[in-house]
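> Pasting a predicted model and its sequence here:
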Amino acid sequence: MQKIYEIPATRIAEELGKNIVANVIMVSAFTALTNMLDVDVVKESIKRNVPKGTIELNLTAFERDYGYGKSLLKS
């Protein structure tokens, strides 16, 4: 049986002030829920691939949702 997790990516992105980070939120959720990606490697990839002025916002989005994803595993 497969488990389905609902991630309120748009709502979280809106709370952070930029809808554009919804994609990073989904990557974060995938990272947290599957353990298929190394957290530090994903963060480094974010730093290298987002516009320079948005690095902190994107890392904040990643961290916030990573914790949310991990909390879903506990429930």
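Everything's here; your move.
> who does the longest helix that the chain contains touch, helix- and strand-wise?
Scanning the chain for the longest helix, with DSSP state H as the assignment, gives helix 55-74. If you count contacts as 3 or more CB pairs under 8 Å, 6 or more residues apart in numbering; DSSP states H and E, helix 55-74 packs onto helix 9-16, helix 22-34, helix 39-49. Glycine gets a C-beta too; all of them are placed from N, C-alpha and C.
> Contacts for the first one, please.
Think helix 9-16. Contacts to helix 9-16, defined as CB atoms under 8 Å, 6 or more residues apart in numbering, come from residues 19-23, 25-26, 29, 57, 60-61, 64-65, 68.
> Swap in 6 Å and give it another go.
Helix 9-16 has contacts (CB atoms under 6 Å, 6 or more residues apart in numbering) with 19, 21-22, 25-26, 61, 65.
> can I get these in a markdown table with neighbour count and distance to residue 44?
Formatted as a markdown table, those follow (neighbours: other CB atoms under 10 Å; distance: CB to CB, whole Å):
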| residue | neighbour count | distance to residue 44 |
| --- | --- | --- |
| 19 | 12 | 24 |
| 21 | 27 | 17 |
| 22 | 19 | 21 |
| 25 | 25 | 18 |
| 26 | 17 | 18 |
| 61 | 29 | 15 |
| 65 | 27 | 17 |
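> What ranges in the protein fall below the confidence cut-off?
For the chain, no stretch has pLDDT under 70.
> so is residue 6 in a helix, a strand, or just coil?
Following DSSP: H, G, I helix; E, B strand; the rest coil, residue 6 is assigned to coil.
> ugh, wrong one, I meant residue 2
coil.
> How many residues are close by it?
3 (other CB atoms under 10 Å).
> when you give positions from now on, start the count at 421
Right, with 421 as the first residue, what we last looked at is residue 422.
> Okay, it and residue 448: tell me how far apart.
20 Å (CB to CB, to the nearest Å).
> Residue 474 now?
15 Å.
> okay, these two: which has more neighbours?
residue 448 (31 against 15).
> Could you tell me which residues make contact with that one?
Counted by CB under 6 Å, 6+ apart, residue 448 has contacts 482, 485-486.
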